[in-house]
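# whatever this is, show me its structure:
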Amino acid sequence: MKLEIFRCQPPRPGPDYPPVLFIHGSYCGAWVWTEKFMPYFAERGFSGLALSLRGHGASEGALAWASMADYLADVASAAEELDGPPIVIGHSMGGLIAQHYLVSRPTAAAVLLGSLPPSGLGSSAMHMSMFAPDVLWQLGLLQSLGPEAISTDVIHRAFFTRQTPPDAVRHLMPKLQAESHRISADLLCPDQPKLSADHPLPPVLVLGGDADVFLPTSAFRETATFLRGDLQILHGAPHGLMLDTAWWQPTADAIIAWLGEKGVTKEPRRGGRRAPPTESR
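Model (predicted):
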């Protein structure tokens, strides 16, 4: 099965940091990382790889009944192309996939952006039903009828701050898509990541905004507590942290600073191979 994969390489020789593996969330694809994050991280010395999970973007594979195990297998397959344990950055549903990845496979560090907690969608469904029922309705329309049936204004408010111009949202709308029917049901009560004394946890950063329409800050606290990670709550930040005009760069800078604080990017690595400057497949 062929997966859509985007890569970005530093434009000049520099520190040999661990590679970054980007995992997208529901209703989208690897393109969420190529707009802002991947070029920015590359400029700061990080090689990056972002995949579209099966049935997303231009990736092959059946979407309707894809499971968490299927998505985790996709991520593991993409990670085989890297030259060492990655820094895993996952957003929303991709954050939960990242949690399952980091407890079972070698990982240099993990950053969970606006991530679903280990308990799944319960807190999100409650949060939206109370504070954003129109967003919940729009997701149903997206799932059943596609992006042409949903409101740009509602999606703008759901993912972004007012600083993100409407034209930027309209640019992204055609790229949205339906999600797996199975995963949408499974995430209501998912299997939790299995912690093991035989597999020490890497450094983990849970990063979320208190203006996230999809998830309450309690969900981020749950994740940080479960994984014994660091928690950063960004005041006024939305769900679409990697794309929002006001928040994508502060979010990226917070990640890079944290990696330095944890020593992930301080010690040079040896013997890594380099990929072509920029390519996709």
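# all helices of the stretch 51-200 of the chain, in order?
Secondary structure of the stretch 51-200 of the chain (DSSP state H, counting those that start in this stretch): helices located at 68-79, 93-102, 122-131, 133-145, 152-159, 166-172, 181-186.
# and the contacts of the last one?
Contacts of helix 181-186 with the rest of the structure, by C-beta atoms under 8 Å, 6 or more residues apart in numbering, involve 26, 64-68, 71, 93, 121, 143. Backbone N, C-alpha and C define where each C-beta goes, glycine included.
# straight-line length of stretch 27-46, end to end?
Start and end residues of stretch 27-46 are separated by 27 Å (C-alpha to C-alpha, to the nearest Å).
# end-to-end on stretch 19-34?
15 Å.
# make 38 the starting number, not 1.
With 38 as the first residue, the last one maps to stretch 56-71.
# so how far is residue 204 from residue 184?
16 Å (C-beta to C-beta, to the nearest Å).
# which one's more surrounded, those two?
residue 184 (17 against 7; other C-beta atoms under 10 Å).
# the more buried one and residue 108: what is the separation?
21 Å.
# mind pulling up the pLDDT for the most centrally placed residue in the chain?
Taking C-alpha atoms, centre = their mean, the centroid of the chain lies closest to residue 128, which sits 2.2 Å from it. Note on residue 128: pLDDT of 98.
# same question, the one 5 residues further on
Per-residue confidence for residue 133 comes out at a pLDDT of 97.
# what values do phi and psi take at the residue nearest to it when sequence neighbours are not counted?
Here the nearest residue to residue 133 in space, its sequence neighbours aside, is residue 153; by C-beta to C-beta, 6 or more residues apart in numbering that works out to 4.2 Å. The phi/psi pair for residue 153 (degrees, to the nearest 10) reads phi -60, psi 140.
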